[in-house]
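Colleague: After the sequence you'll find the predicted model.
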Amino acid sequence: MNAILPKGILEATRLTREGRLAEASALLQRLVQGNAATGPAAATPHGIVGTPTAWLPRIIDVHPETGEVSDAKPAPTAGPWSAAGMGKAALPQMPEALRGFLDQVSQDALGQGLDGLVRHAPATTPEPMPEGARFVAGSFAAEAGSRAYKLYIPSTHRGGPVPLVVMLHGCTQSPDDFATGTRMNALAEEHGLLVLYPAQPSSANAQKCWNWFSPGDQRRDQGEPSLIAGMTRQVMREHAVDPQRVYVAGLSAGGAAAAILGQAYPDLYAAVGVHSGLACGAARDLPSAFAAMRQGAAGTPLRTGEAQRVVPTIVFHADRDTTVHPRNGDQVIAQSAATAASGLRTDIQRGQVVGGHAYSRTVHTNAAGQTVLEQWLIHGGGHAWSGGSPAGSYTDPRGPDASREMLRFFLEHTQRAAAP
């Protein structure tokens with residue numbers, strides 16, 4: 001059975017699907033506050049009528065044109081993008097279905113911004129692996145919870161200490177999809193390194209986004225950073241990994257999570273790669289997350305981690321990214337550069353991929369002449385992994401090759417060389 005949503009919620013849905021996330025957030029706040037202040041069936045300042053729980057369907061999905069919703073299953077319970085960010089005082093009187101809708105639309109908003117860009121259907125079958133290579137499943141559990149992962153062990157691995165790259169997928173993605181899209185496993189074969197792909201489950205975020213916007217997931221030894229760092233250490237204990245060459249990278253929400261890990265665990269990760277992501281501390285609740293995605297964080301995000309040195313960081317971002325504003329890439333670089341004891345020398349290079357995108361590459365070097373920060377701005381690209389395989393989702397095969405350039409940058413840095 002289908003039902004029609006109240007006009008206020010339909011308007012919030014329309015704004016969300018148009019990418020006007022801040023406006024949708026503000027409208028939902030008014031709707032929530034109206035229900036809390038006046039009770040059911042009372043008018044809000046926006047002309048929205050407060051709706052009793054029985055009036056609302058159990059929402060699963062909203063049709064983009066008709067506004068019809070399915071009521072086949074219960075609405076999702078409040079999660080990391082729930083109404084809690086809107087003000088806890090509104091929660092007790094808010095109808096359960098409205099809380100579910102607010103949670104679902106908020107999480108959909110983070111994932112749906114990828115629409116209209118290079119979104120391919122994930123490969124139905126995994127790419128063949130070289131003989132002797134393994135792509136094994138595992139899990140890690142700690143006080144903050146548990147997460148599954150996939151670990152790629154190349155056929156060339158003979159047991160000696162090798163580098164480890166941790167790859168954090170974007171919203172709606174999975175380890176297998178992300179591995180396919182980035183082609184990082186092929187580079188692991190080429191360079192003889194391990195690749196770890198942590199998996200964010202839908203139980204932690206409906207769109208499988210890493211919760212980069214939550215204060216409880218932005219600090220050392222808390223929330224998701226503690227799980228990813230703990231998983232990294234578990235793999236280091238169980239396999240021969242060079243502790244001086246451990247790196248982390250990610251796309252979008254995964255890129256934001258990678259930036260957090262770089263700030264929170266500079267003693268664990270020798271270098272960081274952020275693709276289409278945001279700086280650590282760019283947001284602390286739902287409204288500020290939407291605002292940061294649309295226009296960058298308000299000012300340079302504060303350093304909320306443990307970094308007392310410049311954490312070597314490479315950033316990829318496209319200048320036509322309408323999901324995460326490219327200003328966020330500038331803020332990732334500024335956050336890392338803030339710990340520099342003295343000014344960094346900057347050099348800008350420009351190039352063009354044959355048959356693909358033009359780009360600008362900004363290199364920041366220290367007094368010793370070592371490149372410590374590197375920023376790639378892809379001209380004409382969108383919110384997608386640059387140079388990725390069309391067999392994966394959210395990739396732009398027109399380059400430049402972000403995976404190869406990130407790995408090149410990573411292998412130029414070790415913990416020993418990065419020490420103060």
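Modeller: Structure's in. What do you need?

Colleague: residue contacts, Ala358?
Modeller: Counting by C-beta atoms under 8 Å, 6 or more residues apart in numbering, Ala358 makes contact with 350-352, 379-380. C-beta: built from backbone N, CA, C; applies to glycine.

Colleague: pLDDT score assigned to it?
Modeller: Note for Ala358: predicted pLDDT of 98.

Colleague: What residues sit buried inside stretch 226-239?
Modeller: Neighbour counts using 16 or more other C-beta atoms under 10 Å place 226-236, 239 of stretch 226-239 among the buried residues.

Colleague: swap that for stretch 211-222, sorry
Modeller: Of all the residues in stretch 211-222, those buried under the rule 16+ other C-beta under 10 Å are 211-214, 217-220, 222.

Colleague: Quick one: low-confidence residue ranges for the stretch 201-350 of the chain.
Modeller: Scanning the stretch 201-350 of the chain for pLDDT under 70 picks out 300-307.

Colleague: any idea which strand is longest in the protein?
Modeller: strand 241-251 (DSSP state E).

Colleague: by contact count, what packs against the following helix or strand past that strand?
Modeller: Once the chain leaves strand 241-251, the next helix or strand it forms, by DSSP states H and E, is helix 253-264. When contacts are defined as 3 or more C-beta pairs under 8 Å, 6 or more residues apart in numbering; DSSP states H and E, helix 253-264 sits against strand 162-168, helix 223-238, strand 241-251, strand 271-275, helix 327-337.

Colleague: CA atoms only: put helix 253-264 into PDB for me.
Modeller: Once non-C-alpha atoms are left out, helix 253-264 reads as follows in PDB (Å, rounded to 0.1, in the frame of the first residue of the first chain):
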ATOM      1  CA  ALA A 253      33.200  10.200   3.200                       C
ATOM      2  CA  GLY A 254      36.100   7.700   3.200                       C
ATOM      3  CA  GLY A 255      38.400  10.600   2.300                       C
ATOM      4  CA  ALA A 256      37.100  12.600   5.200                       C
ATOM      5  CA  ALA A 257      37.700   9.600   7.500                       C
ATOM      6  CA  ALA A 258      41.200   9.300   6.100                       C
ATOM      7  CA  ALA A 259      41.900  12.900   7.000                       C
ATOM      8  CA  ILE A 260      40.700  12.200  10.600                       C
ATOM      9  CA  LEU A 261      42.900   9.200  10.900                       C
ATOM     10  CA  GLY A 262      45.900  11.200   9.700                       C
ATOM     11  CA  GLN A 263      45.300  13.800  12.400                       C
ATOM     12  CA  ALA A 264      44.400  11.300  15.100                       C
END
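
Colleague: Just want the angle from it to helix 223-238.
Modeller: 80 degrees (axes from the mean of the first three to the mean of the last three C-alpha atoms, to 10 degrees).

Colleague: residues in contact with Asp242?
Modeller: Contacts of Asp242 (C-beta under 8 Å, 6+ apart): 161-164.

Colleague: And it, how far from Ser386?
Modeller: 27 Å (C-beta to C-beta, to the nearest Å).

Colleague: For the closest residue in space to Gln352 that isn't next to it in sequence, name its beta-bridge partners.
Modeller: Nearest in space to Gln352, with sequence neighbours left out and distances taken as C-beta to C-beta, 6 or more residues apart in numbering, is Ala358 at 4.6 Å. Beta bridges link Ala358 to Gln352, His379, judged by DSSP bridges.

Colleague: what about Ala358, distance to Thr395?
Modeller: Applying C-beta to C-beta, the value for Ala358 to Thr395 is 18 Å.

Colleague: among the helices and strands packed on helix 253-264, which is nearest Gly399?
Modeller: strand 271-275 (13.1 Å; C-beta to C-beta).

Colleague: So which elements touch that closest one?
Modeller: With contacts defined as 3+ C-beta pairs under 8 Å, 6+ apart, strand 271-275 has these neighbours: strand 241-251, helix 253-264, strand 313-318, helix 327-337, helix 402-410.

Colleague: cutoff 10 Å now
Modeller: Contact here means 3 or more C-beta pairs under 10 Å, 6 or more residues apart in numbering; DSSP states H and E; on that basis strand 271-275 packs against strand 162-168, strand 241-251, helix 253-264, strand 313-318, helix 327-337, strand 371-379, helix 402-410.

Colleague: tell me the angle of the first one relative to helix 223-238?
Modeller: Here strand 162-168 runs at an angle of 150 degrees relative to helix 223-238 (the same axes, to 10 degrees).

Colleague: helix or strand right after strand 162-168?
Modeller: helix 175-182.

Colleague: Pull up the gap between the residue nearest to Ala298 when sequence neighbours are not counted and Leu164, please.
Modeller: In space, Ala298 comes closest to Ala291 once its chain neighbours are excluded; the distance is 7.0 Å by C-beta to C-beta, 6+ apart. Per C-beta to C-beta, Ala291 is found 35 Å from Leu164.

Colleague: So which of those two has more stuff around it?
Modeller: With neighbours defined as other C-beta atoms under 10 Å, Ala291 and Leu164 compare such that Leu164 has more, 25 against 18.

Colleague: Would you mark the buried spots in stretch 149-157?
Modeller: In stretch 149-157, counting by 16+ other C-beta under 10 Å, buried: 149-154, 157.

Colleague: and of the contacts of Asp242, the nearest to Ser342?
Modeller: Nearest to Ser342 among the contacts of Asp242, with distances taken as C-beta to C-beta, is Pro163, at 29.1 Å.

Colleague: hang on, the closest one packs against Thr414?
Modeller: Yes: using C-beta atoms under 10 Å, Pro163 is in contact with Thr414, at 9.2 Å.

Colleague: Between those two, which is the more surrounded one?
Modeller: Using other C-beta under 10 Å, the more surrounded residue of Pro163 and Thr414 is Pro163, with 21 against 18.

Colleague: so Gly262 sits right up against Ile333, yeah?
Modeller: No: using C-beta under 10 Å, Gly262 is not in contact with Ile333; the gap is 11.9 Å.

Colleague: Find residues that contact each of these two.
Modeller: Counting by C-beta atoms under 10 Å, 6 or more residues apart in numbering, the residues touching both Gly262 and Ile333 are 274, 313.
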